[in-house]
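[1] Sharing a model prediction with you, sequence too.
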Amino acid sequence: MEKETGQIVTFVGKGGSGKTTQIRRALHEPGFRLIPSVTTRPPRDNELAGEYRYYSAEAYQQLVVTPGRLLWDVIAGNGGNHYGKDAQDIEYALAHPEAVHLNALVPSSAQTLVDIYGPDQVRTIYLPDPGNEILLQRMIERGDNPAKAAERLNQEDNDGWEEQTLAIAGLHIVQNTGVESRHQEIMALLGR
């Protein structure tokens, strides 16, 4: 008999597409946990509690050079901050089938997670966006700097986020039909 493993659900979408909103909604339901990412950037006011573990550049570099610890290292933004996922957090999630373990990632990192663990253990949910104007408005409403938010959206377009996302094995697409209807569709997809 195969041992049951934890389920990992990764949300992918551009800034302002609703990833954090859907994770917040799911965390209010029983049986959901958040998988933290690791970063060298400072905390932001609008983040989920436990969404990130913050490291100095030196401590983060120790993760990078420790074999088997960091699944990827992405440098993002003009500040040159590093982002990654600690393999120990993923292994913990997989060892705990009593919960669905949630995270939000950029497409390349989501693809890496699926490549390592497979689409049966890592379910990817893509939240397509309603267009950059609406995304920019949402990002400003949540407190993002307007110029930096516009730059981020343009960079995501230039990096081919949608094409990268659509190439992820086992991808589930949940259309932008409103916060509550999206939540209900995601819960149904996860058998909740």
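    That came through, no problem.
[2] Who are the contact partners of residue 70?
    Residue 70 is in contact with 38, 63-64, 84-87, counting by Cβ atoms under 8 Å, 6 or more residues apart in numbering. Heads up, the C-betas are built off the backbone N, CA and C, glycines and all.
[3] Tell me the bridge partners for the residue nearest in space to the middle of the chain.
    In the chain, the C-alpha nearest the mean C-alpha coordinate belongs to residue 104, at 1.0 Å (Cα atoms, centre = their mean). Here residue 104 sits in beta bridges with residue 11, as judged by DSSP bridges.
[4] Let me see the contact set for it.
    Applying Cβ under 8 Å, 6+ apart, the residues near residue 104 are 10-12, 19-20, 23.
[5] Neighbour-wise, give me the winner out of those residues.
    residue 12 (27 neighbours; other Cβ atoms under 10 Å).
[6] rewinding a little: any chance of CSV for the contacts of residue 70, columns secondary structure and distance to residue 6?
    Shown next, in CSV, are these (DSSP: H, G, I helix; E, B strand; the rest coil; distance: Cβ to Cβ, whole Å):
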residue, secondary structure, distance to residue 6
38, strand, 19
63, helix, 22
64, helix, 25
84, strand, 20
85, strand, 15
86, strand, 15
87, helix, 14
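[7] residues in contact with whichever helix in the chain runs longest?
    Counting by DSSP state H, the longest helix found in the chain is helix 146-158. Applying Cβ under 8 Å, 6+ apart, the external contacts of helix 146-158 come out as 14-16, 77, 132, 135-136, 139-140, 144.
[8] again with stretch 111-131
    With Cβ under 8 Å, 6+ apart, stretch 111-131 has contacts from 5, 7-14, 16-19, 22, 71-72, 85, 90, 94, 105, 110, 135, 162, 164-176, 182, 186, 189-190.
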